[in-house]
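# Turn this into a structure:
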Amino acid sequence: MERTYKAITELILQAKNKRREKQSGADSIDPIFDQMRGIDWPIKCTVGPGLEGAIACKSRVGFVNGSEGSLIYRGYDIFDLCAYSSFEEVSYLLLYGELPNDRDLASFTSRLREYRFMPNTLRMMMSAPVESLNPMAALRIGTNFMHQRKTWRDRECAKPPLEDAIASDEDSIPMETPPRGEKRAIYEFRRPHLDRPRAERPALDDAESMESCMHLIAGMATLAAAIGRLRRGRLPIEPDPELSHAANLLYMMTGRRPTPMEERAMDVALILHADHGMNASTFACLVVASTMSDIYFSVDAGIGALNGPLHGGANELVTKMLREIGSPDNVPSWYRKARESGKKIPGFGHRVYKTYDPRAEVLAPLAGMLAETNPNCAKMLLTARGLEEMVVAEMGENKKIFPNVDLHSGIIYHALGVPEDLYTVLFAVSRVSGWTARVMEYLENNRIFRPRSLYVGEFNREYVPLENR
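Here you go, the predicted structure:
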C-alpha cells in the first residue's frame, strides 16, 4: 500500500513540475486574481446571457484560474492535495476551511463511517423502480429518502409561521434598483427554533448543520453503489468500516475490495471533482439554499443540474467515442471525418480553461499507471493520446482547446470496473463536498437570489374576448 501511494504521489508531483515549467514561460497571468482582492459590494461587471460574467457571491472555498490553468481549494493547489491528501481530508478542508489535525480527521472519518450505513434508506430505495430510472434520477430520489430519515423540516411543526413570512415576490420592487449588498438578507423567515440554545432544539434538526453535510457526503456514496447494483438486479452491499471512503465506494459497487492502486486512483478522482467554482450545479444549490430551504433540497437541485448533458456526463461520452474509434490506428481517419462533419469531440475544451485542465494533467499519468495491468484500458488510453495529439496540434494554440478532466476520468473509471451509466453519479458523489461547503458558507450572509430578466415583449395589447378570436 505504501509503495503504491508513493508511486502515485510521485506521478502527481511530476505533473505539477511540468505545469510549473509551462507557467514559467508564460507572459500573461489572469488579472482577475489580483483584482478580486479588497473588492466589496456593489460590484460592477459585464453580464451576458445565462448570467455569464455575473458575480453571485464571495467565496473562500475554491478558485479556478482559467488562463493559467490552476485550481485551488481553500488556498491549496490541487496538485498538492492529490499528492498528499485524501478525499476525507479534502472534504473536511472544504467544509471547515482548514486542514484537520489527527483528532479532527479521526472524528470526521468516524462520522462518515457512521453515516455510510443507511439500511432504512436503502430499504426505501429497493421499493422504487431503480432499474428503469435514469441513475441520476435514482440518486435524487435516494437523497430525498435520506432527507426524510434525517430532518424534521417536512413535518407540520417545522413550518415557518405565516406571519413571519413575506409575500411570495415582495422583493421584486426593491430589486429594480441596484442591490446594496447588505451583509445579511433583508427578507427571510425568522427561524425561532434555531435561535434557541442547541440543547433545546428538536433532536433531528440537522438540516442546516455540518452533520447533514457529513450525512450527504457519506450517504451519497452508499446510494451510488446501491443504484449501480439494483440496476443490475443485485442487492446492495453494506459498507466495510475498515475501508476508506474511496475503497468503500468501489467495494460497494463491485463486491470486491479494491487493490491499493485502485483505491488511490479513485481517491484522487474524488478529490479532483470535489469543487470547481461557480458552475451550474453549484449555483443551483445556492439558489435553493438562499430561499432558506434546507441543504437536502439544495443538493437535490445540484443533482438535477448535473444531470443535464451540458454539465455532467461528458466522461461517459468519451469512453463511447474511444470505443467507436476502436484503436490508435483509426484516430486520423476518425478525426478527419469528425472535423469535416462538425462533430463535437468530447473530452476537449472547457468554458473556463484556456490551457490544459490541471485535473486532466493529474489523471493522464494515473490512467497510464492503471493501463499497465489492464490491456483494454491500455488500448483506450493509446487511442486517447493519439486523439489528443491531433486536437492540440490543430486547435490548441489558436483556439485554446486542450484536454479537460473528462478525457481520462472515464478511462480511469473503466479500469476500476465502474459501469458507464454511473460516471455522472460518481461526479455527484464527489461534488457534494463542494456543494455543501459552498451552501454553508453562503448561508452565513444569506441573500435570496433575485436576478432580473430583460423584458423584450409587447405592451398595451388589447384583450380580445374568446368568442371574437
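
# So, low pLDDT: which residues of this protein?
1, 24-38, 149-208 (pLDDT under 70).

# pull the longest helix from it.
Longest among the helix segments of the chain by residue count, using DSSP state H, is helix 375-399.

# roughly how far is that helix from the heart of the chain?
Distance of helix 375-399 from its chain centroid, counting by C-alpha atoms, centre = their mean, to the nearest Å, is 25 Å.

# ok, and what's touching whichever helix or strand comes after it?
Sequence-wise, the next helix or strand downstream of helix 375-399 (DSSP states H and E) is helix 406-415. For helix 406-415, contacts defined as C-beta atoms under 8 Å, 6 or more residues apart in numbering pick out 265, 269, 272-273, 314-319, 322, 346-348, 359-360, 363-364, 366-367, 370-371, 374, 376-377, 380-381, 384, 388, 420, 422-423, 426. C-beta here means a position set from N, CA and C on the backbone, and glycine is covered the same way.

# Any chance of a PyMOL selection covering the buried ones in those residues?
Only the buried entries of these go into this PyMOL selection, using 16 or more other C-beta atoms under 10 Å:
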select buried, resi 265+269+272+273+314+315+316+317+318+319+322+346+347+348+359+360+363+364+366+367+370+371+374+377+380+381+384+388+420+422+423+426
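
# From Ser298, how far out is Ser281?
Here Ser281 is placed at a distance of 10 Å from Ser298 (C-beta to C-beta, to the nearest Å).

# no wait, Glu68
Glu68 is 31 Å from Ser298, where distance means C-beta to C-beta.

# More neighbours: the two, which one.
Ser298 (26 against 19; other C-beta atoms under 10 Å).

# what helix or strand is that one on?
helix 295-306.

# Name the next helix or strand downstream of that helix, please.
Downstream of helix 295-306, the first helix or strand assigned by DSSP H and E is helix 314-325.

# what about that following helix, distance to the chain center?
With C-alpha atoms, centre = their mean, you get 21 Å for helix 314-325.

# Would you mind giving the secondary structure of Asp40?
Put simply, Asp40 is coil when judged by DSSP: H, G, I helix; E, B strand; the rest coil.

# for this protein, what spans make up the strands?
62-65, 70-73, 76-77 (DSSP state E).

# who wins for proximity to Met210 among the ones you listed?
The closest of those to Met210 is strand 70-73. By C-beta to C-beta, the value is 17.2 Å.

# For the closest one, give me every contacting residue.
With C-beta under 8 Å, 6+ apart, strand 70-73 has contacts from 19, 61-65, 77-78, 81, 90, 93-94, 274-276, 358-359.

# Give me the buried subset of those.
Buried residues within the contacts of strand 70-73, counting neighbours by 16+ other C-beta under 10 Å: 19, 61-65, 78, 81, 90, 93-94, 274-276, 358-359.

# The residues you listed in helices, which ones?
Those of the buried ones among the contacts of strand 70-73 lying in helices (DSSP H): Arg19, Ile78, Leu81, Val90, Leu93, Leu94, Pro358, Arg359.

# And the last one, how close does it get to Gly97?
When C-beta to C-beta is applied, the distance between Arg359 and Gly97 equals 22 Å.

# Check the fourth one too.
As defined by C-beta to C-beta, Val90 lies at a distance of 12 Å from Gly97.

# ok, now the first one?
Here the criterion is C-beta to C-beta. By it, Arg19 lies 25 Å from Gly97.

# and if you look at Gly142?
Taken as C-beta to C-beta, the span from Gly142 to Gly97 is 29 Å.

# So if I had to pick from those two, which one is more boxed in?
Neighbour totals were compared for Gly142 and Gly97, and Gly142 leads with 25 against 13 (other C-beta under 10 Å).
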